[in-house]
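Asker: Next come a sequence and a model predicted from it.
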Amino acid sequence: MRERAVSSISVVLVGLIPAIIGGPVFMIAFVSIAIVSNIELTSMMRVTPSPVIWSGYVLIGACGLIPLLWRGDQRLPLTLALVAMVPIFTAIFVVDTASVDHWMRTMASIVYLGIPTFAAVDMRELTGTSAAWLASIATWLPLGRDDTGGGLGWLLVAILVTWMTDTGAYLVGKAIGRHKLIPRISPGKTVEGAAGGLAAAMMTSVVCIPAFGLDVAPGLAALMGLVLGTVGMLGDLAESMLKRHAGVKDSGSLIPGHGGILDRIDGLLFVIIATWLVVPVLS
């Protein structure tokens, strides 16, 4: 329990600091996390490396680089075009009997890890109103920059809601969990734990959104917390399904008490996309 708590806090800090700094530092940090997660995923699925698989790593990097360097309206279509074309072209021109299988696996990994990378970097670069302390907090850190903080606020909401959903579900499930949620996918998750996670997500959203100076009504903030918490749990269950298919308990062993990097960001991948999609609507 203590090892898990220390690891969890350490991982959150490692994610929060680059997020606060923003810019190239955050992009490099998130791309690195996504690439390590893809290494874990390909290893878990016992995929032999090939040029088609390697193209996926390059495209995950591109998914982080494009929204940082180009703020034009066509940045998402350009990214999607690269994601669609590069792996299939690589598969066509590489003489490999496994090219079609590797192409499909690469497309899946880019959707799973590359699109959230694009969304995270793109969201961090958003401008907008925020609390004065948040707008300048990055300047307290080395390499930090002073910006309007709107994107930072939403990114922090996504990270903190994900973390608190996981923490609430774990603590409540450990204390009073009796009824299995979806045992065929994840035997350890309970209905009580899920309820505790959603309650924690709603409270975190209601507290953090006004604290960060984001202009959202309390009721809508609670609803957003409920939606993000639910999406985060779906991300967790999606990775559990992959692990069950692969016959492994964890995606890796880099983080004591937690497993691999993918085990820690499985929910965040989904929450970041959901937040990124919701923010323009709220704005």
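Answerer: Happy to help now that I have it.
Asker: which strands and helices sit next to the biggest strand by length in the chain?
Answerer: Among the segments of the chain that qualify as a strand by DSSP state E, the longest is strand 186-190. Applying 3 or more Cβ pairs under 8 Å, 6 or more residues apart in numbering; DSSP states H and E, we find strand 186-190 packed against helix 150-176, strand 180-182, helix 218-246. Heads up, the C-betas are built off the backbone N, CA and C, glycines and all.
Asker: Off-centre distance for the first one?
Answerer: Averaging C-alpha coordinates over helix 150-176 and over its chain gives two centres that are 12 Å apart (Cα atoms, centre = their mean, to the nearest Å).
Asker: neighbouring strands for the longest strand of the chain, and are they parallel or not?
Answerer: Next to strand 186-190 in the sheet, as set by DSSP bridges, lie strand 180-182 (antiparallel).
Asker: What are the contacting residues of the strand it pairs with?
Answerer: With contact meaning Cβ atoms under 8 Å, 6 or more residues apart in numbering, strand 180-182 is reached by 187, 189-191, 193-194, 237.
Asker: could you flag which of those residues are buried?
Answerer: 189-190, 193-194, 237 (16 or more other Cβ atoms under 10 Å).
Asker: Quick one: the residues you listed as JSON lines, columns for distance to L134 too.
Answerer: JSON lines is the format used below for the buried ones among the contacts of strand 180-182 (distance: Cβ to Cβ, whole Å):
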{"residue": "K189", "distance to L134": "34"}
{"residue": "T190", "distance to L134": "36"}
{"residue": "G193", "distance to L134": "31"}
{"residue": "A194", "distance to L134": "31"}
{"residue": "L237", "distance to L134": "32"}
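Asker: so where's the chain shaky on pLDDT?
Answerer: 1-12, 95-98, 145-149, 257, 283 (pLDDT under 70).
Asker: for the stretch 51-200 of the chain, what spans make up the helices?
Answerer: 51-69, 75-93, 99-109, 115-124, 132-136, 150-176, 191-211 (DSSP state H, counting those that start in this stretch).
Asker: Ok, which of those comes nearest F270?
Answerer: helix 115-124 (7.6 Å; Cβ to Cβ).
Asker: For the helices and strands packed on strand 186-190, state which one has the densest average packing.
Answerer: Across the helices and strands packed on strand 186-190, the average number of neighbours (mean count of other Cβ atoms under 10 Å) peaks for helix 150-176, which reaches a mean of 23.
Asker: Show me what that one is packed up against.
Answerer: helix 2-21, helix 115-124, helix 132-136, strand 186-190, helix 191-211, helix 218-246, helix 261-282.
Asker: Just want the angle from it to helix 191-211.
Answerer: Orientation check (axes from the mean of the first three to the mean of the last three Cα atoms, to 10 degrees): helix 150-176 against helix 191-211 gives 150 degrees.
Asker: related to what we said a few turns ago, quick one: the helices and strands packed on strand 186-190 as JSON lines, columns for distance to I35 too.
Answerer: Shown next, in JSON lines, are the helices and strands packed on strand 186-190 (distance: least, Cβ to Cβ, whole Å):
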{"stretch": "helix 150-176", "distance to I35": "19"}
{"stretch": "strand 180-182", "distance to I35": "30"}
{"stretch": "helix 218-246", "distance to I35": "17"}
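Asker: Quick one: closest of these to W54.
Answerer: Once the helices and strands packed on strand 186-190 are compared by Cβ to Cβ, helix 218-246 is nearest, at 20.7 Å.
Asker: so can I have JSON lines of the helices and strands packed on helix 150-176 showing distance to M27?
Answerer: Shown next, in JSON lines, are the helices and strands packed on helix 150-176 (distance: least, Cβ to Cβ, whole Å):
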{"stretch": "helix 2-21", "distance to M27": "9"}
{"stretch": "helix 115-124", "distance to M27": "5"}
{"stretch": "helix 132-136", "distance to M27": "20"}
{"stretch": "strand 186-190", "distance to M27": "32"}
{"stretch": "helix 191-211", "distance to M27": "23"}
{"stretch": "helix 218-246", "distance to M27": "21"}
{"stretch": "helix 261-282", "distance to M27": "14"}
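Asker: my read: L141 touches I17, true?
Answerer: Yes: with contact defined as Cβ atoms under 8 Å, L141 and I17 form a contacting pair (6.8 Å).
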